[in-house]
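Colleague: Take this sequence and fold it.
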Amino acid sequence: MLKIVKNKVFLCKKECKITKISVKTTFSSRIFLLKKLIFNEKYRLNVVFSHISYLISRITAIFAEKAKIVVKNYPLYSHEYFMAKALDLAIQAGEAGEIPVGAVVVAGGSKIIGKGSNQTEQLNDVTAHAEIIAITAATQFLGAKYLKDCTLYVTLEPCVMCAGALHWSQIDRIVFGASDTKRGFSRVSPPILHPKTSVVKGILETDCEMLLKNFFKGLRT
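Modeller: From the prediction side, this is the model:
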């Protein structure tokens, strides 16, 4: 049985010494203690679960605290307006434990017909990138495999795989926020994209970069 007295958590158990754990225990020490608890049969499962709940809430709090994206009112149907929509999806992905990348496909410059966010962890699928999911949603909406008169907005420069899919979709335009200096499609030569596809980069770049940096920083904390 657990009870809290003066910021201390006490475990009461018959024929066993009382164990006390400070609520303010550091994040890393909680992980170490959790490992000990899991492999120690003397402790009740509710203690283990209490630490797991704490760690989950802490990870969520770290991400929410450090990934503060300033919400602004951008001109309707502007590049910034749609990139902000993609950023919302990226934040949701990060909260779910995914690398925070979001994407939307816009038809005719005004209507969002496809949305996507990274789901590689949730689906156990390395191809479940935000762009791929958004492309699939858009083609299902249109009932066609080509994305004519459409624009993809994505918070991170597409990788080679996603760029290949965008090539086959014959999408008109790609707009991305942060550049990917390691895996971005622009690092590959000759160009992967369809010759008729135009590219716009750097839209809300600072916000997109900050979201990614804070996410990975939170994992290392």
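
Colleague: which stretches of this structure aren't confidently modelled?
Modeller: 1-71, 221 (pLDDT under 70).

Colleague: Just the helices from it, written as ranges.
Modeller: 27-38, 45-66, 79-95, 120-123, 130-142, 160-169, 205-220 (DSSP state H).

Colleague: Quickly note the distance from Lys72 to Asn214.
Modeller: 18 Å (Cβ to Cβ, to the nearest Å). For glycine as for every other residue, the C-beta is placed from the backbone atoms N, C-alpha and C.

Colleague: More neighbours: these two, which one.
Modeller: Asn214 (20 against 10; other Cβ atoms under 10 Å).

Colleague: which residues sit in contact with Ala86?
Modeller: Ala86 makes contact with Gly102, Ala103, Val104, Ala130, Tyr153, Val154, Thr155, Gly177, according to Cβ atoms under 8 Å, 6 or more residues apart in numbering.

Colleague: cutoff 10 Å now
Modeller: 101-106, 112, 115-117, 130, 134, 152-156, 175-177, 203-204, 208 (Cβ atoms under 10 Å, 6 or more residues apart in numbering).

Colleague: now Arg173: how far from Ala93?
Modeller: Taken as Cβ to Cβ, the span from Arg173 to Ala93 is 23 Å.

Colleague: ok, now which ones touch the residue nearest to Lys85 when sequence neighbours are not counted?
Modeller: Closest residue to Lys85 apart from its sequence neighbours, by Cβ to Cβ, 6 or more residues apart in numbering: Val104 at 5.1 Å. Residues in contact with Val104 (Cβ under 10 Å, 6+ apart) are 82-89, 112-117, 130, 134, 137-138, 151-155, 175.

Colleague: The closest residue to Cys159 other than its chain neighbours: neighbour count?
Modeller: Leaving out its chain neighbours, the residue that sits closest to Cys159 by Cβ to Cβ, 6+ apart is Arg183, at 4.8 Å. Using other Cβ under 10 Å, Arg183 has 14 neighbouring residues.

Colleague: same question, the one 5 residues further on
Modeller: Number of residues near Val188 (other Cβ under 10 Å) recorded here: 14.

Colleague: can you pull the contacts of the residue nearest to Ala178 when sequence neighbours are not counted?
Modeller: Counting by Cβ to Cβ, 6+ apart, Cys208 is the residue found nearest to Ala178 once chain neighbours are left out, at 3.9 Å. Going by Cβ under 10 Å, 6+ apart, Cys208 touches 69, 83, 86-87, 90, 100-102, 154-157, 176-179, 202.

Colleague: now, which of the residues you listed lie within strands?
Modeller: The strands, defined by DSSP state E, take in Gly102, Val154, Thr155, Leu156, Phe176, Gly177, Ala178 from the contacts of Cys208.
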